[in-house]
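> Quick one: sequence and predicted model below, then my questions.
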Amino acid sequence: MMPVTNRRTGKTSDDAAAPLVDDDKDVGGESKVHTAVPSALPYSPAPTFVPGPISEFPSRFVRALFVEVAPHSVVLLRVFWGLVMFYEMTTYMKNDYYKAERYLVRPGYMFKYWAFEWIPRMDLESWKIFFPVMSCFAVMFAVGLLYYIAAFGFFLGFAFLYLQDMGLYLNHFYLIMVLNLAYCFMPANRVASVDALIGLVKPARSMPYWTVWFSQFLISNVYFWAGVAKMNEDWIRCQPLVQWVPQARIFPALRWFGMEWVQDTTEMACAMSWMGLLLDTFVPFFLYFAPTRLLAFTATLFFHYTNKMMLNIGVFPYVMVAISFIYFEPDWPLAIGRFFRYHTARIRGDTEYARAVLAAEDAAVLRPSRPTVRGGSLGRAVSALSFSQKATLFILCVFCFQQVSFPLRHHFYPGDVVWTEEGHRYSWRMKLRDKSGMLRYYITSKKDGNVYSYDPVMDHPRILTSKQSKKVAGRPELIHLFAMHLAESVNATDGVWPSVHAVAIASVNHRVPQYIIDPNTDLASFAPWQWPQKHIVPFLPRGAHDWRVVPWPICDHAFPRKGTTAYGRRKMYEMYSELTIEEARANYGKVPSSEREQVKHCQSEQERRDARLQQEELARVGLKNRREQKV
């Protein structure tokens, strides 16, 4: 028998035994799990390992996954998560479904994910049914009503929403999908749920430890790979935060003390950059370690609050804060409840009730000692598991391998992931670059030989929304997909497949603008998603200047080293407003022989504005004259 430890006094008692996982042999020679818990309160903290050789860690870890622990942290996470998902769904329904109409109905073209081109689009009336149903699933998930139906229903519905448009990809959307899928397999409705209340599931006072550990692993994976992704030259040079922080909303604490000027300094941006790198990389380890857990959790709260206040990155801070509570002991809600009951009674002066709380804790609320897991061989540990436990272990291994390996896949693609975007998604590469670009397509009809130009940002009709057009200019795969869409549209009209070239210029973190797509490549001549993508121009290192991939001739406007993404995009259009596809194809890969070839006279922004106003005035006068003639 192992002693039982009192939570308040720290004294031990031999009245009950603690959970114990050892290598004792049964008649068949296999290891068994012996569990004995106090009858007063069978809620156990997370298991700990008996010191032993590192070679025995896998077997100890496998045994620990199936030790029964208190379910309260998982249940509370279920409630928090359901409420956050409900809030996310309501954002699409506010203002008469404006967000749904803007991003899901208005676009004339939507970028589909590879192998999911078959996902259908829906009209606004269908979305007005979809989002209330998803909100109901979120509420059912939070209260534990038909839990598995709600979990699977919300996962499938959110996956359908996520797969609508690749141009709307956000890392926290992917995180929501991953966590929803994980919850589909967790028995989080055993306690404090409507299912347990009405008898749809058998109530249980414990859950296997793997439900806690798996949630911790998923959130630690996000933090760690986000920190690894920040270990690059630009982030260490405080890019792009040195551009974003001065343009962001004033941090409330700086406004309170009249120190708004601090946010405009480079030191502030560098401090946020380095602190973000250190926090993302190391905070999972500090959250796992009990003595530093509270400090690390406080740091994450401040980190996410800062992101929400200054950068306004949607629901992501709420998601991360909600799930970070899982790092505390599995029965932490009970401990907090007892703490507040006791001190509330003392504040009220109800000493009799306070003594009753202490007496109940001494007499009945005896916390079992931490479950102890001993070593042994991995084979015996696995063979001792039941069939369902072996299936659970297999699914956990597959899921964890996928989550660890996906952030590494960009190393197997040629080029820099910041430039090519290959391997960017699902890798937790968050807020790492400020990418501005300009894009103009040239469609050559093989029926009559005419050449038509189309700018997704400037020209009409507007096929893409403003958000889509901003993203497509700097992402090679989106550029190619939209080129195929233009070719299909022309083919539907002329009956002949055209050729499509693009003048696509981009800049990452205010580097010198360069071609991102080879202007000599016919984008309509080969199918998307081919690897390797040879039409992507190699990325120039910071400080390098190679006229073979830098567009010329240019207008004599210096590209800004600071400013917002929109400002960089506007200056880029000024510099290359008169660059034609003929000039781009003729000069690409060559070096200008003189400064005169590099720069040409272009109309200034004021001259273009005056010319446009003059044309509009002539059009109004002509329309007025035609109306007078009709009268």
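On my side now, so go ahead. Numbering: from 1, shown residues only.
> avg pLDDT for stretch 191-203?
Along stretch 191-203, the predicted confidence averages to a pLDDT of 89.
> typo on my end, stretch 380-399
Across stretch 380-399, pLDDT averages out at 88.
> Show me which positions of that stretch end up buried.
For stretch 380-399, a neighbour-count test (16 or more other C-beta atoms under 10 Å) marks 380-381, 384-385, 389, 392-393, 396, 399 as buried. The C-beta positions use only the backbone N, C-alpha and C, and glycine is treated the same way.
> Next step: these restricted to helices.
Using DSSP state H, the members of these that fall within helices are 380-381, 389, 392-393, 396, 399.
> Next, format the residues you listed as TSV and append distance to Ala271.
What follows is those, written out as TSV (distance: C-beta to C-beta, whole Å):
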residue	distance to Ala271
Arg380	52
Ala381	47
Gln389	47
Thr392	44
Leu393	43
Leu396	39
Phe399	36
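> Quick check: the farthest pair among those?
Maximum pairwise distance among those (C-beta to C-beta): 24.4 Å, between Arg380 and Phe399.
> Contacts only, for Lys446.
Residues touching Lys446, when contacts are defined by C-beta atoms under 8 Å, 6 or more residues apart in numbering, comprise 494, 496-499.
> how far away is the most centrally placed residue in the chain from Ser215?
With distances taken as C-alpha atoms, centre = their mean, Asn171 lies nearest the centre of the chain, 1.8 Å away. Counting by C-beta to C-beta, to the nearest Å, the gap between Asn171 and Ser215 amounts to 18 Å.
> Kindly report the same for Ala196.
As for Ala196, its distance to Ser215 is 20 Å (criterion: C-beta to C-beta).
> can you check Tyr588 too?
Distance of Tyr588 to Ser215, computed by C-beta to C-beta: 51 Å.
> Looking at these two, which is more packed in?
Neighbours per residue, other C-beta atoms under 10 Å: of Tyr588 and Ser215, the larger number sits with Ser215, 24 against 19.
> right, and the helix or strand after the helix or strand containing the more buried one?
Assessed by DSSP states H and E, Ser215 sits inside helix 210-229. Downstream of helix 210-229, the first helix or strand assigned by DSSP H and E is helix 233-236.
> re earlier: isn't the residue nearest to the centre of the chain right up against Gly314?
No - shown here, Asn171 and Gly314 do not form a contact pair, counting by C-beta atoms under 8 Å, at 10.0 Å.
> coming back round to it: how about the residue nearest to the centre of the chain, what does it touch?
Taking C-beta under 8 Å, 6+ apart as the definition of contact, the neighbours of Asn171 are 316, 428-430.
> now, which of the residues you listed sits nearest Gln530?
Compare each of the contacts of Asn171 with Gln530 using C-beta to C-beta and the shortest gap goes to Arg429, at 22.9 Å.
> tell me which element the closest residue to Pro498 other than its chain neighbours is part of?
Counting by C-beta to C-beta, 6 or more residues apart in numbering, the nearest residue to Pro498 once its immediate chain neighbours are dropped is Val490, at 4.6 Å. Assigned by DSSP H and E, Val490 belongs to helix 476-494.
> Can you give the distance of the helix or strand that that helix is followed by from its chain's centre?
Following the chain from helix 476-494 toward its C-terminal end, the next helix or strand by DSSP H and E is strand 499-508. Remark: strand 499-508 is offset 27 Å from the chain centroid, using C-alpha atoms, centre = their mean, to the nearest Å.
> start the count at 14, not 1, going forward
Got it, the first residue is 14 from now on, which makes the last one we talked about strand 512-521.
> helices or strands up against strand 512-521?
helix 430-433, strand 448-457, helix 489-507, strand 527-528, helix 578-588, helix 594-600 (3 or more C-beta pairs under 8 Å, 6 or more residues apart in numbering; DSSP states H and E).
> Quick check, pLDDT for the residue nearest to the centre of the chain.
With respect to pLDDT, Asn184 scores 89.
> measure it to Phe143 for me?
As defined by C-beta to C-beta, Asn184 lies at a distance of 23 Å from Phe143.
> now do Val430
Here Val430 is placed at a distance of 34 Å from Phe143 (C-beta to C-beta).
> cool, and Ile456?
Applying C-beta to C-beta, the value for Ile456 to Phe143 is 36 Å.
> Same question for Asp468.
Plainly put, Asp468 is 33 Å away from Phe143 if you go by C-beta to C-beta.
> Buried ones in stretch 501-520, by neighbour count?
With the criterion 16+ other C-beta under 10 Å, stretch 501-520 contains buried residues 502-504, 511-520.
> what ranges do the helices span in the stretch 64-213 of the chain?
If you assign secondary structure with DSSP state H, counting those that start in this stretch, the helices in the stretch 64-213 of the chain sit at 70-78, 85-113, 137-156, 160-175, 184-196, 207-211.
> So which of those is nearest Glu608?
Closest to Glu608 of the helices of the stretch 64-213 of the chain, according to C-beta to C-beta: helix 184-196, at 44.2 Å.
> how much does the closest one deviate in direction from helix 160-175?
150 degrees (axes from the mean of the first three to the mean of the last three C-alpha atoms, to 10 degrees).
> Over to the nearest residue to His85 once chain neighbours are set aside. Which of the three states is it?
Computed as C-beta to C-beta, 6+ apart, the closest residue to His85 that is not its neighbour in sequence is Pro346, at 4.4 Å. Three states are possible here, and by DSSP: H, G, I helix; E, B strand; the rest coil the one that applies to Pro346 is helix.
> Now do Pro346, the pLDDT please.
pLDDT, Pro346: 79.
> Likewise for Val370?
In this model, Val370 carries a pLDDT of 63.
> how many other residues sit next to Trp94?
When neighbours are counted by other C-beta under 10 Å, Trp94 comes out with 25.
> What of Ala209?
The burial count for Ala209: 17, using other C-beta under 10 Å.
> who touches it in this structure?
Under the criterion of C-beta under 8 Å, 6+ apart, the contact partners of Ala209 comprise 157, 202-203, 215-216.
> TSV for the residues you listed, including neighbour count?
Conversion of the contacts of Ala209 to TSV gives the following (neighbours: other C-beta atoms under 10 Å):
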residue	neighbour count
Gly157	24
Asn202	26
Arg203	22
Lys215	8
Pro216	13
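> Next, give phi and psi for Gln256.
The main-chain torsion angles of Gln256 are listed as degrees, to the nearest 10 and equal phi -90, psi -40.
> Confirm for me that it is in contact with Lys448.
No - with contact defined as C-beta under 8 Å, Gln256 does not reach Lys448; the gap is 11.5 Å.
> Which residues are in contact with each of the two?
Jointly contacting Gln256 and Lys448 under the rule C-beta under 8 Å, 6+ apart are Asn522.
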